[in-house]
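1. Mind folding the following:
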Amino acid sequence: MTASRIHRAPLTDREALLFEAGIKLGGIFHQYLGIPVSSTTAPGLAEAIERAVGLQPYVTSVEVRIDPSRGPRPGRGRFAYRYLTPEMLDVRIQLRDGAAHVEARLVHRPELRYPLMSVDRTSPRSAHGGGRPTAARRSARRAGRSGRRTSPSAG
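-> Below is the predicted model of the structure:
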């Protein structure tokens with residue numbers, strides 16, 4: 001099996017894409033919460049997020065749904081908008097690198113009172129792309145090299 005190295009742990013192409021999916025969903029969550037949103041601006045905001053995330057490596061599909069009715073009460077008059085909250089978001093993302101494929105989701109789980117990121121589907125575990133590192137594994141390897149060393153044995 002070929003594998004990249006991030007924090008000294010070997011990764012398959014599939015695992016590297018899972019890492020990338022988590023980074024992208026976490027980025028959406030932390031970059032956009034708190035932005036003003038209304039029922040008239042939600043579709044445009046969702047499209048802007050989709051287009052921005054779609055520019056990133058390995059992304060083949062992004063679907064963002066924003067339901068402003070699930071947020072806090074809006075203000076009044078010209079302040080009659082809400083701000084984007086986790087309860088409003090439902091994001092699906094697909095990534096591909098060679099044979100490796102990942103589908104992940106960010107959605108608020110009311111029973112947990114938490115916006116949970118989850119993996120919906122992945123390519124088979126054996127999908128490692130052969131002997132040559134794929135772009136996702138090279139990226140994961142670079143991320144590992146750029147991290148600070150925390151101990152003499154940290155690589």
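2. Next up, the contacts around the residue nearest to residue 70 when sequence neighbours are not counted.
-> Of all residues not flanking residue 70 in the chain, residue 87 sits nearest, at 4.4 Å (CB to CB, 6 or more residues apart in numbering). Just so you know, the C-beta spots here come from the backbone N, C-alpha and C atoms, and that holds for glycine as well. Under the criterion of CB atoms under 8 Å, 6 or more residues apart in numbering, the contact list for residue 87 reads 70-71, 108, 110, 115.
3. and of those, the nearest to residue 17?
-> Proximity of the contacts of residue 87 to residue 17, judged by CB to CB, is greatest for residue 115, which lies at 21.1 Å.
4. Which helix or strand contains residue 105?
-> strand 100-109 (DSSP states H and E).
5. need the next SSE after that strand, C-terminal direction.
-> Downstream of strand 100-109, the next assigned helix or strand under DSSP H and E is strand 114-122.
6. Name the surrounding residues that touch that next one.
-> Among residues not part of strand 114-122, those counted as contacts by CB under 8 Å, 6+ apart are 14, 17-18, 21-22, 25-26, 29, 86-87, 89, 92, 100-109.
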